[in-house]
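Student: Sharing a model that was predicted from the sequence below.
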Amino acid sequence: MNKHFISAFISGLVFGLGLLVSGMANPDKVLSFLDLAGAWDPSLALVMAGAIAVGLVAFAAIKGRTHSLLGEPLRLPAKKDLDLRLIMGSLGFGVGWGLAGFCPGPALVALGAGAPKAAVFVAAMLAGMAIYELLEKTRARA
Amino acid sequence: MTIDWIAFTPWTALAGGALIGLAAAAFVLLNGRIAGISGIVGGLLSPQKGDILWRILFVAGIVLAPLLWLLSGPLPDMQIDASYPMLIVAGLIVGISTRYGSGCTSGHGVCGISRLSPRSIVATLAFMFTGFVTVYIMRHLLGI
C-alpha cells in the first residue's frame, strides 16, 4: 500500500487522540468555553494555542516546497479574497457549533466512542454537506 | 466574566492541542494537504476518482481514536446535553455552512491560522463570534 495512505490514517488517529486529550470531544466543555457570560472555561483557547504553535513550525517548514516529504504534490488553498461565501459560511458555522457544542472533528470522535447523539449529529452534518453539493450543482447548471 | 478554575484544564488542553497540531503537521509534511475535517469529509460527497481512499483513511483514523484510547483506560467524559431535534438542526447548519465557508475549526482555526492565511483568520473570528453569541442567546436569553 502506498505510504501516503498509511500517513493519512495515522494523522487521523493522532488528530482524534488530540481531540480526546484536549477535552474538545466533550460538547459540554466546548459550550463552557463559548459561554463567556457564564462560568467560563478558557481551556479551548489553549487547545488552539497548542495546535497553532506546532502548526506554525510545520507550515513554515514547507514554505516554498512544491511536494511533500513523500513526494505528494503540495495542495494548499489558493483563494485569497475575503468573499461573501467565506464570511456567511463561517458565521453560519459558529451558530451550528454553539447550538450543540459539536464541530466536525469532535463529532466524529464521539461517534467512534459510540455516542448515539453524535451519530445523529454526524448524519445531519452529512445531509447538510449533501445539500450543499446539490445547491452547487444547481448553481452550476443555471 | 468569571473563570471556572475547577473546569479549566490548561495542561491537557495544551497537550491535546499540541497533538492536534502534530497531526496537522504530519499531514501537510507527508501528504501535502490541509487537515481540514469538513473539507475532507465533504469531498467524499462529490467523489473524484483517485481522491477517495485517503479521505476515508483519515476519517477512519479519527473515528477509531477512541478504540485506541480504550486500550489504556476508560474514555473521558463526553456530555452531550443538546436534544435530538437540536442536534439535527445543528448538524445541518454545520454541514452546509462549513462547506460554504470552506472550512471549520481544524481547517481554518488550526491549519489556516498556522499558515497565517487572512481568509482563515477572518473565518475563525467569524465563527468564534457567532459561537459566543449563539451560546449567550441560548443560555442567558432563552434559558435552553
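Tutor: Now that the structure is in, tell me what you want to look at. Numbering: from 1, shown residues only, chains lettered A, B, ... in the order given.

Student: Which strand or helix spans B:Ile80?
Tutor: For B:Ile80, there is no helix or strand it lies in under DSSP states H and E.

Student: I'd assumed A:Ala119 was in contact with it.
Tutor: No - applying C-beta atoms under 8 Å as the test, B:Ile80 and A:Ala119 come out as separate, 10.8 Å apart. Glycine gets a C-beta too; all of them are placed from N, C-alpha and C.

Student: Compare those two and say which is more crowded by neighbours.
Tutor: B:Ile80 (20 against 14; other C-beta atoms under 10 Å in any protein chain shown).

Student: Run a quick neighbour tally on the closest residue to that one other than its chain neighbours.
Tutor: Using C-beta to C-beta, 6 or more residues apart in numbering or on different chains and skipping residues adjacent in sequence, the residue nearest B:Ile80 is A:Lys117, 4.3 Å away. A:Lys117: 21 surrounding residues under other C-beta under 10 Å.

Student: where does A:Lys117 land in three-state SS?
Tutor: Assigned by DSSP: H, G, I helix; E, B strand; the rest coil, the conformation of A:Lys117 is helix.

Student: Equivalent analysis for the one 4 residues further on, please.
Tutor: The three-state label given to A:Phe121 by three-state DSSP is helix.

Student: Can you give me every residue that contacts residue 61?
Tutor: I went with chain A, as the question did not name one. By C-beta atoms under 8 Å, 6 or more residues apart in numbering or on different chains, the residues touching A:Ala61 are B:Leu29.

Student: you looked at the wrong chain, it should be chain B
Tutor: B:Gly61 touches A:Ala8, A:Phe9, A:Ile10, A:Ser11, A:Gly12, A:Leu13, A:Val14, A:Phe15, A:Gly16, counting by C-beta under 8 Å, 6+ apart.
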